[in-house]
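Colleague: Pasting the sequence and the predicted coordinates here, then a few questions.
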Amino acid sequence: MSKRDRRRLSPKEHEKRRRLLEQGLSLREVGERCGVSDMAICKWRDRYMPTKTGLGSQCGVPMAQALTPTQQKIAWLGLRIISTAYSHGLSVAEGLRLARDYVSRGRRL
């Protein structure tokens with residue numbers, strides 16, 4: 001069997017991979033069930049199951065679809081805290097502690 005022949009999947013195999021991923025199985029679990037590595041499943045997913053943003057699945061589900069507006073704001077604030085802490089040479093834990101202290105004094109981020 002040539003290398004090119006091994007890369008071709010039947011429509012049935014495409015559907016099996018898609019179904020398993022949509023059920024929420026991990027890449028490793030899907031790979032085990034399909035007899036391939038998790039990296040092969042990751043590459044297959046990126047090629048055949050792009051997200052609606054067109055960026056591929058590396059970026060996951062767009063934040064607007066996965067989170068409510070309130071959850072989006074919380075996630076954004078968390079990233080802002082981590083980024084600010086890192087840029088000032090602090091650990092994430094120290095940055096979160098300082099942010100908690102800041103908010104506990106009645107201030108808004």
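Modeller: Received it, and whenever you're ready, just let me know what you need.
Colleague: can you pull the buried residues of the top helix by length along the chain?
Modeller: Using DSSP state H to define each element, the chain has its longest helix at helix 69-87. The neighbour-count check on helix 69-87 (16 or more other CB atoms under 10 Å) flags 81-82, 85 as buried. Any C-beta I mention is one placed from the backbone N, CA and C, and that applies to glycine too.
Colleague: Quick check: of these, which lies closest to Asp46?
Modeller: Nearest to Asp46 among these is Ile82, at 26.5 Å by CB to CB.
Colleague: For the closest residue to the closest one other than its chain neighbours, give me its contacts.
Modeller: Closest residue to Ile82 apart from its sequence neighbours, by CB to CB, 6 or more residues apart in numbering: Val92 at 5.4 Å. For Val92, the contacting residues are 82, 85-86, by CB atoms under 8 Å, 6 or more residues apart in numbering.
Colleague: so which helix or strand takes in Arg18?
Modeller: Assigned by DSSP states H and E, Arg18 belongs to helix 11-22.
Colleague: buried residues in that helix?
Modeller: Buried positions in helix 11-22, judged by neighbour count with 16+ other CB under 10 Å: 17, 20-21.
Colleague: Could you give the separation of that helix from the chain centroid?
Modeller: In terms of CA atoms, centre = their mean, to the nearest Å, the centre of helix 11-22 is set 19 Å apart from its chain centre.
Colleague: Let me know the average pLDDT across it.
Modeller: Average pLDDT, helix 11-22: 90.
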